[in-house]
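K.L.:
Predicted coordinates and the sequence they were generated for:
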Amino acid sequence: MGIFSRFADIVNSNITSLLDKAEDPSKMVRLIIQEMEDTLVEVRSNSARILADKKQLQRRITRVTDLVADWQTKAELALSKDREDLARAALIEKQKASQQSELLTQDMAYIEEQLELLKSEISQLQLKLDEARARKKSMVVRKDTATNRLKVKQQLDRSKVAQSVDKFEQYERRIEDIEAEVAAQDLGNNTLNDQFTELAAQDSISEELAELKKKLAAKQ
């Protein structure tokens, strides 16, 4: 199973759980990124172990290859000494070592193939993770904006607005009534005082008018 299919199973399972619980979408985004990060760490750790296995396998291949050459040398030496029996035994051991070398070489080819696949998948996952991180902030902002707009629209519900306007009008009428009552009380209490103030003002004007007449008469 590839890392993407495994990762998809994990994420889909968690998304289903979140949707069942009606979780915040921003939490879902953070969870997906966390799952991607955890998967990337795990796969890189596995890749490191496979690389270590590859090095160990390479050492085994080298030893077996040396063993094949060694048995070949021994077979040739035995024949040079007219020891065909020893030469035959050496060739049998060489054949065993050669078969082992072929198996180890096949294992090496498989490991190298898997490492290439892992390398490709890790690169893809890293790109997806970088993209998710870059988009996370934008998605959170969009979510917050949409939430705020929803709150505003709820506040601007027609029935609620109408109720608010009616309340304002009621308060305004009450204030107007209070102001009218105060004005009426002031009118009743100050009528006599206003009359005396008006008389005093008239006397002041009469005196000023008399003074003006005297100045004009003096100039003539």
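P.N.:
Nice, I can see it.
K.L.:
For stretch 52-62, give me every contacting residue.
P.N.:
Stretch 52-62 has contacts (CB atoms under 8 Å, 6 or more residues apart in numbering) with 101, 104-105, 107-108, 111-112, 115. Where you see a C-beta, it was placed from the backbone N, CA and C, and this is true even at glycine.
K.L.:
change it to 6 Å
P.N.:
104, 108, 111 (CB atoms under 6 Å, 6 or more residues apart in numbering).
K.L.:
which of the residues in it are buried?
P.N.:
54, 57, 61 (16 or more other CB atoms under 10 Å).
K.L.:
Quick check: mean pLDDT of it?
P.N.:
Averaged over stretch 52-62, pLDDT sits at 94.
K.L.:
C-terminal to the helix or strand containing Met28, which secondary structure element comes first?
P.N.:
In the assignment (DSSP states H and E), Met28 maps to helix 25-80. Per DSSP H and E, helix 25-80 leads on to helix 84-155 as the next helix or strand towards the C-terminus.
K.L.:
about what we covered before: let me know the closest of the buried residues of stretch 52-62 to Asn148.
P.N.:
Within those, the smallest distance to Asn148 is 54.7 Å, found for Lys54 (CB to CB).
K.L.:
And the average pLDDT for stretch 76-90 is what?
P.N.:
Per-residue scores along stretch 76-90 average to 92.
K.L.:
Quick check: buried residues in it?
P.N.:
78, 87, 90.
K.L.:
can you list the weak-confidence ranges in this structure?
P.N.:
1-26, 154-166, 168, 171, 179-201, 203, 219-220 (pLDDT under 70).
K.L.:
Great, nothing more from me.
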